[in-house]
Each structure stands twice: as structure tokens, then as C-alpha cells.
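Chemist: Here is a sequence together with a model predicted from it:
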Amino acid sequence: MSHACGAYVRMLEAGLASIRIIETTDGEQPEEVTIVFRVYKSPTDGETVVGQFADGLETYSVPVADAFLQCHTAARTCGADAIRVDDPDGLFPPIARPSLPCDG
């Protein structure tokens, strides 16, 4: 999932590259290099909304706001162009999301 373009990597290291957030509810697959962020209710209690993503090494599933911030950090680290939010039930709408660190 890493990006081979040296100029992009330099922009990323300088904090100048933006990570796009793509909303999908129908399984649509964008062409960019993406990390998929899946939103669902915890099977443990059926109420807690959790977020899940994989950074290539490990899969994380934690409370949704924390997971979203961790996913953004992972996307910047691995050189992903975008985060594809898979939230078919609308459990974590954009208005409910924490502010992301400024990308430049």
C-alpha cells in the first residue's frame, strides 16, 4: 500500500499531502490507494459504534472516533490517497467525526 512516488513521500513528510475521505454505502471501489474504514455496531453489546481498519499488519476495531483518528494516521504513514468510509447504516456521519489534523 506504500506509494512509490518520491515527490509524494516528501510532501507527506512535510505535512502537505491531503488524505481524501470517500463515503460509500454500496461497495463502490474508488481507484485511489485507499484504506477501508468500516463502521458497525459492536457484536458484544449491540450498541457501541466501532470502527475497523487494517494497516497492512494488523486489524484494529475500537470505538469509532478513536479508530477514525488512528485510521487517518495510518493512511498518512503508508501513503494512502484516501480513506474509504464504509458506513451503510449511517452510524458515523461526517458531522459526528472528530476534526482531523491539518494536512498542510
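Modeler: Yes, it's here.
Chemist: On the C-terminal side of the lengthiest helix in the chain, identify the next helix or strand.
Modeler: Counting residues, the longest helix in the chain under DSSP state H turns out to be helix 64-78. Using DSSP states H and E, the next helix or strand after helix 64-78 towards the C-terminus is strand 82-86.
Chemist: Just list what the longest strand anywhere in the chain packs against, helices and strands only.
Modeler: Ranked by residue count under DSSP state E, the longest strand found in the chain is strand 34-41. Contacts defined by 3 or more C-beta pairs under 8 Å, 6 or more residues apart in numbering; DSSP states H and E place strand 34-41 against strand 49-54, helix 64-78, strand 82-86. Every residue, glycine included, has its C-beta placed from N, CA and C.
Chemist: Between helix 64-78 and it, find me the angle.
Modeler: Counting by axes from the mean of the first three to the mean of the last three C-alpha atoms, to 10 degrees, strand 34-41 lies at 170 degrees to helix 64-78.
Chemist: Contacts for strand 34-41, please.
Modeler: 1, 22, 47-55, 64, 67-68, 71, 74-75, 78, 80-87, 89, 91-92 (C-beta atoms under 8 Å, 6 or more residues apart in numbering).
Chemist: After the helix or strand of the chain with the lowest mean pLDDT, which helix or strand is next?
Modeler: In the chain, the helix or strand scored least confidently by mean pLDDT, DSSP states H and E is helix 6-13, which has a mean of 39. As assigned by DSSP H and E, the chain's next helix or strand after helix 6-13 is strand 20-24.
Chemist: re the thing from before, as JSON lines, the helices and strands packed on strand 34-41 with distance to Arg38, mean pLDDT and mean neighbour count would be great.
Modeler: Putting those into JSON lines (distance: least, C-beta to C-beta, whole Å; pLDDT from 0 to 100; neighbours: other C-beta atoms under 10 Å) gives the following:
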{"stretch": "strand 49-54", "distance to Arg38": "5", "mean pLDDT": "87", "mean neighbour count": "20"}
{"stretch": "helix 64-78", "distance to Arg38": "9", "mean pLDDT": "89", "mean neighbour count": "19"}
{"stretch": "strand 82-86", "distance to Arg38": "5", "mean pLDDT": "88", "mean neighbour count": "21"}
